[in-house]
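> Here is a sequence with its predicted model. Questions after.
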Amino acid sequence: MYRNYNATVFQSGLVQPFIMRDDDTYYSIEEIHNTLHDFMEKVVYRRTDNIPMELVNEFVKYAIWLTGGSHFYDVLITQCDNNMLKDQTRDFLVDTVEMLSTGSRKMNVYTWLRLTTASTTEWGASKKGPISDHSLYDALKTTLPANPIATWLAMDGGFEDLLTTLYILFAQANYDPWQVTPNRV
């Protein structure tokens, strides 16, 4: 199991080794959740199809900070040996890596949002313990774009996909996923 006690561990089980608790720019898990939730509400409940550029710029800066920017793949490699990661979150990471490589997901990101936020009492316990599924590691061995954030943003629907992905990975906490899922899925 990956243990870096200065690293931040999120509700999803994701370990982010580049967000250190002793950094000057450290934000608590609650602050990160609230910030991402605020971004989701502004995007999902907007009255037009256009997203204001100020919001896009603000979110992209936050996404770069949250994912470690150029270290995003290093964060994902850390998850290969992370036995605290929920099994649905691991499957979601594999789908995300494949999406960055191929340009499409196996399942809609909003469906992933609903799946990953279902409580374990509803669907049964997560598989935790030694990792026998190496699909994330295998997915990371493929040829991936050098700049994942730019790749995301260049895709059709990429901004909302990136926002929802970060929300799933970094903001999972006691909330109702139906409140942040748009009706236009």
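Looks like it came in fine.
> Could you list which residues are in contact with the residue lying closest to residue 158 once chain neighbours are set aside?
Counting by CB to CB, 6 or more residues apart in numbering, residue 152 is the residue found nearest to residue 158 once chain neighbours are left out, at 4.4 Å. Quick note: C-beta positions are derived from backbone N, CA and C, even for glycine. Neighbouring residues of residue 152 by CB atoms under 8 Å, 6 or more residues apart in numbering: 100, 158-159, 161-162, 165.
> Then residue 106?
With contacts defined as CB under 8 Å, 6+ apart, the neighbours of residue 106 are 95, 98.
> how about the helices of the protein, start to end?
29-44, 53-67, 72-80, 87-102, 109-116, 120-123, 135-140, 148-154, 158-170 (DSSP state H).
> can you tell me which of these the model trusts least?
Lowest mean pLDDT within the helices of the chain: helix 120-123, a mean of 48.
> Just give the nearest non-adjacent residue to residue 27, would you?
Computed as CB to CB, 6+ apart, the closest residue to residue 27 that is not its neighbour in sequence is residue 35, at 7.4 Å.
> Pull the number of nearby residues for that neighbour.
Neighbour count of residue 35, defined by other CB atoms under 10 Å: 18.
> Could you double-check that it sits in contact with residue 61?
No - contact status for residue 35 versus residue 61: not in contact, 11.3 Å apart, counting by CB atoms under 8 Å.
> Distance-wise, check residue 74 relative to residue 28.
As judged by CB to CB, to the nearest Å, residue 74 and residue 28 stand 23 Å apart.
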